[in-house]
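> model the structure of this input:
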Amino acid sequence: MGRLRRPGFAWRLCVLLVIWLTPLAARAGPFADWSAIVVAGDWHAHSGGPSEAFDNARRDVARALATAGFSPSNVRQFSVRPERYKDPRPLKSDPQAIYDALSELSARNPGGCLIYFSSHGAPQGVLVGEQILPPPILAKIIDQACASKPTVVVISACFSGVFIPDLARPNRMILTAARPDRTSFGCGESNKYPFFDDCFLQTMPLTREFQALARGVQACVAARETKEGMKPPSEPQLWIGAEIRPTLPLYGFAGAATATN
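Sure thing, here's the model as predicted:
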């Protein structure tokens, strides 16, 4: 009888040792030590009237990141009108505040960085509050805050493809809502989200990692624009650096067991 008990005890001991010796971040998932900022850059529809589309996207993208495995304590949200939103209370959308928050988060999180903007855009950059944030300034913010860490940048705005040349680095993936010479759609007063953000939120639970997510978002946006007769098509752009490309499949989303692609 003693011989029958010993293998069971040894097996349980091995399991405990594996758990104890596995780093906490690895047990928690690949995004547990990533930093993320999610920015709503405006509160107006394309008509000039009020719209909740960008803040809805900001709130629900942050929730989607938490579902995917990001620690909520490592995610900062920004809004042009933060006083309107109590849970969670976002910070004021401002380039300096964004840089400060990303730098603070990145200093204590050795993993990677995710930066997400939802706003209006122009050929000169993305609207953040009362000013245009141009590509060279955003590139400097990310360079200084995230350095060589794996970084995913998502910009949901008209003309957002203009950011790719300045932001492109070997350690980065960049996904934009439109070509540099095209508008994106869905910024009306009655839209819950811009089309691109809606597709991002629909596609993320159905995919396992960022590259598949990006391809799914591109297909979703094309289908939505065709269905609603939006022309010319926005053609969301995807750029993936040579250094991050082979590692992207390793950053798997939590809760993606039922993913179809």
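
> and the contacts of the host helix or strand of Ala223?
Using DSSP states H and E, Ala223 sits within helix 210-228. Helix 210-228 is touched from outside by 152, 173, 175, 177, 184-185, 195-196, 198-200, 202-204, 206-207, 230-231, 233-236, 238, 240, 245, 248-249, 251, 253, 259, 261, with contacts defined as C-beta atoms under 8 Å, 6 or more residues apart in numbering. Placement of C-beta: from N, CA and C, glycine included.

> could you redo the last one with a cut-off of 7 Å?
For helix 210-228, the surrounding residues in contact (C-beta atoms under 7 Å, 6 or more residues apart in numbering) are 152, 173, 175, 185, 195-196, 199-200, 202-204, 206-207, 233-234, 236, 238, 240, 248, 251, 261.

> same question for stretch 62-69.
29-32, 36, 38, 72, 75, 77, 114, 201, 204, 253-255.

> surely Ala32 meets Ser71?
Yes - counting by C-beta atoms under 7 Å, Ala32 touches Ser71, with 5.6 Å between them.

> give me the beta-bridge partners of Val75?
Assessed by DSSP bridges, Val75 has beta-bridge partners Ala36.

> now do the contacts for it.
Applying C-beta under 7 Å, 6+ apart, we find Val75 in contact with Ala36, Val38, Ala62, Leu65, Ala66.

> relative to Gly49, how far out is the first one?
It refers to Ala36. 30 Å (C-beta to C-beta, to the nearest Å).

> what do you get for the second one?
Shown here: Val38 relative to Gly49, a distance of 24 Å by C-beta to C-beta.

> and the two? which has more neighbours close in?
Val38 (25 against 11; other C-beta atoms under 10 Å).

> ok, the more buried one - contacts?
Arg58, Val61, Ala62, Val75, Gln77, Tyr116.

> could you pull out the strands for the stretch 101-250 of the chain?
113-118, 121-122, 125-128, 131-133, 151-156, 172-176, 237-240 (DSSP state E, counting those that start in this stretch).

> count the residues that sit near Pro249.
Neighbours of Pro249 (other C-beta under 10 Å): 12.

> relative to Thr67, how far out is Phe200?
In terms of C-beta to C-beta, Phe200 sits 13 Å off from Thr67.

> Ala68: how many residues sit nearby?
So Ala68, with other C-beta under 10 Å, has 23 neighbours.

> from Ser35, how far out is Tyr193?
Tyr193 is 24 Å from Ser35, by C-beta to C-beta.

> I meant Lys86, not that one.
24 Å.

> who has more neighbours, those two?
Per other C-beta under 10 Å, whichever of Lys86 and Ser35 has more neighbours is Ser35, with 29 against 8.

> check whether the more buried one really touches Leu102, as I assumed.
Yes - Ser35 lies in contact with Leu102 (C-beta under 7 Å); the separation is 6.4 Å.

> list residues touching both of these two?
When C-beta under 7 Å, 6+ apart defines a contact, the residues bordering Ser35 and Leu102 alike are Cys113.
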